[in-house]
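>>> Next one to model:
(one chain, ligands or ions: 1)
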Amino acid sequence: MGLDNLIDPEVNQNTQSFYVIQEYIKRVPVETILEIGGGGGGSTEAVIKGVQSSNTSNNVKFASIELSRGRYNFLKDKYKDVPFYIPYNTSSVTLDKLPSEEEVATFIKQTGVHGGNVEEVLRWLRQDIEYTKENGFNECGIQKVKDDLKVQKFSFVILDSGEFCSNAEFRELPDCDAYFLDDINVYKNWYVHRELLNNPEYVLLFKEDIRGGSSLFCKKEIAVKYFTR
Ligand SMILES: C[S@@+](CC[C@H](N)C(=O)[O-])C[C@H]1O[C@@H](n2cnc3c(N)ncnc32)[C@H](O)[C@@H]1O
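Residues are numbered from 1 along each chain as shown. Below you'll find the predicted structure:
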């Protein structure tokens with residue numbers, strides 16, 4: 001499937017994640033939200049619903065980065081009346097930050113994820129690189145959002161973009177208050193999920209194992225303040 005084709009919402013009403021994202025945003029005062037990978041708009045919808053049902057919606061800025069022109073245009077149009085939604089059509093990180101083919105092949109062989117099909121996964125990597133080059137997306141989208149919004153650390157981050165981007169995105173977004181990770185059981189968020197699990201400053205609030213698996217982490221002090229009775 002080409003990157004310009006529209007796709008169905010993935011973090012959708014049939015996942016617990018869809019409701020957990022909303023609940024987090026309702027409970028915890030958030031000001032700056034960054035979603036990477038608008039895609040089919042599932043996590044986008046969850047964030048928008050969460051913000052609209054919280055009482056802080058006037059102060060929220062919700063930036064969303066999507067590489068695909070088709071999906072970006074669809075989401076931009078769908079949410080044109082949502083004042084706090086700021087969509088970006090660009091790449092989250094520059095291509096030099098993506099893993100090498102050798103690195104990806106080794107991972108697939110060692111873990112057996114994606115049916116252990118190295119050639120197919122490398123085809124995705126080449127497709128993403130080609131699309132990014134063809135469309136001239138050679139900036140670091142995360143840096144652009146940080147500059148535009150004058151924000152260094154976000155209140156809530158969703159890492160759900162390309163299969164090969166999350167490690168680099170996470171390096172660009174240290175010390176944020178909370179991270180929602182989609183696809184923790186494949187290459188995408190395999191390492192970020194495990195790194196946060198081992199970080200004593202963060203608490204795992206939620207994990208589900210349907211599809212590629214997903215998880216939500218937040219800073220320990222936030223968990224103590226808003227998620228203990
Ligand atoms: C799995 S989908 C996102 C699903 C979405 N969060 C949902 O719940 O419907 C991943 C999206 O990330 C986009 N993507 C891939 N590489 C990207 C990059 N470097 N920067 C931003 N978006 C990227 C793809 O075009 C795709 O639409």
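
>>> Can you tell me which residue is spatially central in this protein?
For the chain, the residue nearest the mean C-alpha position is L159 (2.0 Å; C-alpha atoms, centre = their mean).

>>> Contacts only, for the nearest residue to that residue once chain neighbours are set aside.
Excluding the flanking residues, the one nearest L159 by C-beta to C-beta, 6 or more residues apart in numbering is S166, at 4.7 Å. No exception for glycine: its C-beta is placed from N, CA and C like everyone else's. The neighbours of S166, taking C-beta atoms under 8 Å, 6 or more residues apart in numbering as the test, are L159, L181, K188, N189, Y191, V192.

>>> N89 is in contact with Y72, isn't it?
Yes: using C-beta atoms under 8 Å, N89 is in contact with Y72, at 3.9 Å.

>>> Give me the common contacts of those two.
Joint contacts of N89 and Y72 (C-beta under 8 Å, 6+ apart) are E66.

>>> ok so, going back, can you list phi and psi of the residue nearest to the centre of the chain for me?
With angles defined as degrees, to the nearest 10, L159 sits at phi -110, psi 100.

>>> For the ligand, see how far away it is.
Using C-beta to the nearest ligand atom, to the nearest Å, L159 is found at 9 Å from the ligand.

>>> can you check E23 too?
Distance from E23 to the ligand, counting by C-beta to the nearest ligand atom: 16 Å.

>>> What of V11?
Distance, V11 to the ligand, using C-beta to the nearest ligand atom: 4 Å.

>>> Contact partners for that residue?
V11 is in contact with S17, F18, I21, G42, S43, A46, D160, D182, S214, counting by C-beta under 8 Å, 6+ apart.

>>> one more time with 6 Å
S17, F18, G42, S43 (C-beta atoms under 6 Å, 6 or more residues apart in numbering).

>>> Next: K219.
D177.

>>> burial count for A168?
21 (other C-beta atoms under 10 Å).

>>> Burial check on the closest residue to it other than its chain neighbours, number of neighbours?
Distances taken as C-beta to C-beta, 6+ apart put K97 closest to A168, at 3.7 Å, once the chain neighbours are dropped. By the criterion of other C-beta under 10 Å, K97 has 16 neighbours.

>>> K97 contacts N167, doesn't it?
No: contact criterion C-beta atoms under 6 Å: K97 and N167 do not qualify, at 8.2 Å.

>>> returning to what we had before: would you quantify the distance from the residue nearest to A168 to T15?
K97 sits 28 Å away from T15, going by C-beta to C-beta, to the nearest Å.

>>> buried residues in the helix ranked longest in the chain?
Counting by DSSP state H, the longest helix found in the chain is helix 118-134. Residues of helix 118-134 classed as buried by neighbour count (16 or more other C-beta atoms under 10 Å): V118, V121, L125, D128, Y131, T132.
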